[in-house]
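> for reference, the sequence and a predicted model appear below.
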Amino acid sequence: MFGAELIGAPRFVCKADEVHVWRVALALDRRELSAVAAVLSSDEFDHGSGFRCETLRCRWMAAHGALRMILAAYTEMAPADLCFIAEPTGKPKLVAADISFNLTHTEHLAFVAIAAGGLVGIDAEVVHPEFPWECIGRAFFAREEVGAIYQLAPELRTRAFYSCWTRKEAYLKALGFGFQAALDKFQVAVGPDEPLLLRMDGDPGQAEQWSLVDLSEAGVAVALATNPSKPVARRFEFSVALH
């Protein structure tokens, strides 16, 4: 794994067949938080400062400051100089750089996915074993997905719910949509089956253009979606380099 120290090194390159996934621990100390907050735009800083809860405020600033630092490693630009625009769907896009990216954060962790163009989406959720998932699953999942969860042993169902949720969310985030989209128009696997994207209404062959992979770790469900498919997923650990 590589750290943020590489941000000062020659340009980071993501090859066409790769997707890079950066794991960001959001529990920064005061000096580290000051360093990442310093690269935020004034609008970002104001937004982050608007959280009344100190923990949420610090985590938001850490995630978005880390995003700028990571993207800077691919553009040879200073993190604070990066500019973003919103695509028609509302998904942020980096100006003057052919790099696709997506950010997700959940409690104490964030993940950033980087690709050389195309569509990319990532989602992560901390797993709460006692979470009452049934009503949410029926409201947001395809009938086949709910049925597949119930076919599992009871002790496996909550984890399967989180797997299903993050896979669907990663796919929708790659497209630039949220969970307001027609969720019954596509189906994902709820277990470790391959391929994870099982069905897309309207053009069944289109699913083959996608790569949907599970990058979960202990206690955290993580899913990554790309189009075109990226056969190589490289993982990195972000850390703040203080000088």
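Okay, I see it.
> most centrally placed residue in the protein?
Nearest to the centroid of the C-alpha atoms of the chain, with distances taken as CA atoms, centre = their mean, sits residue 122, at 2.7 Å.
> can you confirm it is in a strand?
Yes. Looking at residue 122 with DSSP: H, G, I helix; E, B strand; the rest coil, it is inside a strand.
> run through who's touching the lowest-mean-pLDDT helix or strand in the chain.
The weakest-scoring helix or strand in the chain, judged by mean pLDDT, DSSP states H and E, is strand 197-200 (a mean of 86). With CB atoms under 8 Å, 6 or more residues apart in numbering as the test, strand 197-200 has contacts from 144, 167, 171, 185-189, 206-207, 210, 212, 225. The way it works is simple: take the backbone N, C-alpha and C, and place the C-beta from them, glycine included.
> now with 7 Å?
171, 186, 187, 188, 189, 206, 207, 210, 212 (CB atoms under 7 Å, 6 or more residues apart in numbering).
> I'd say the residue nearest to the centre of the chain and residue 102 touch.
Yes. Counting by CB atoms under 7 Å, residue 102 is a contact partner of residue 122 at 5.0 Å.
> so what sits against both of the two?
By CB under 7 Å, 6+ apart, the residues touching both residue 122 and residue 102 are 113, 173.
> let me see the domain layout of the chain.
4-118+229-237, 126-220 (automatic domain parsing).
> turn the ones you listed into JSON lines, including mean neighbour count.
Formatted as JSON lines, the domains of the chain follow (neighbours: other CB atoms under 10 Å):
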{"stretch": "domain 4-118+229-237", "mean neighbour count": "17"}
{"stretch": "domain 126-220", "mean neighbour count": "16"}
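> quick one: residue 26 from residue 216, how far?
Between residue 26 and residue 216 the distance is 18 Å, computed by CB to CB, to the nearest Å.
> no wait, residue 222
Here residue 222 is placed at a distance of 5 Å from residue 216 (CB to CB).
> that older thread, hmm, which two among the contacts of strand 197-200 are most spread apart?
189 and 206 (16.9 Å; CB to CB).
> could you pull out the helices for the protein?
All helices of the chain, identified by DSSP state H, fall at 30-37, 42-49, 54-75, 134-140, 143-150, 154-175.
> show the low-confidence segments of the protein, by residue range.
Residue ranges of the chain with pLDDT under 70: 1-10, 179-181, 202-205, 243.
> am I right that residue 70 is in contact with residue 21?
No. Counting by CB under 7 Å, residue 70 stays clear of residue 21, with 10.5 Å between them.
> now do the same contact list for residue 159.
Going by CB under 7 Å, 6+ apart, residue 159 touches residue 127.
> correction: residue 165
Residue 165 neighbours (CB under 7 Å, 6+ apart): residue 125.
> same thing but 8 Å
Shown in contact with residue 165 (CB under 8 Å, 6+ apart): 123, 125, 140, 221.
> likewise for residue 28?
Residues in contact with residue 28 (CB under 8 Å, 6+ apart) are 36, 58, 62, 240.
> what about it, distance to residue 37?
Here residue 28 is placed at a distance of 9 Å from residue 37 (CB to CB).
> please apply the same query to residue 135.
Plainly put, residue 135 is 38 Å away from residue 37 if you go by CB to CB.
> now swap in residue 196 and tell me
Distance of residue 196 to residue 37, given as CB to CB: 36 Å.
> repeat for residue 136
Residue 136 is 34 Å from residue 37, by CB to CB.
> likewise for residue 92?
Here the criterion is CB to CB. By it, residue 92 lies 19 Å from residue 37.
> one more: residue 19?
Distance from residue 19 to residue 37, by CB to CB: 28 Å.
> got it, and residue 170?
For residue 170, the distance to residue 37 equals 28 Å [CB to CB].
> test my guess that residue 230 contacts residue 15.
No. Contact between residue 230 and residue 15 fails when scored by CB atoms under 8 Å: they sit 9.2 Å apart.
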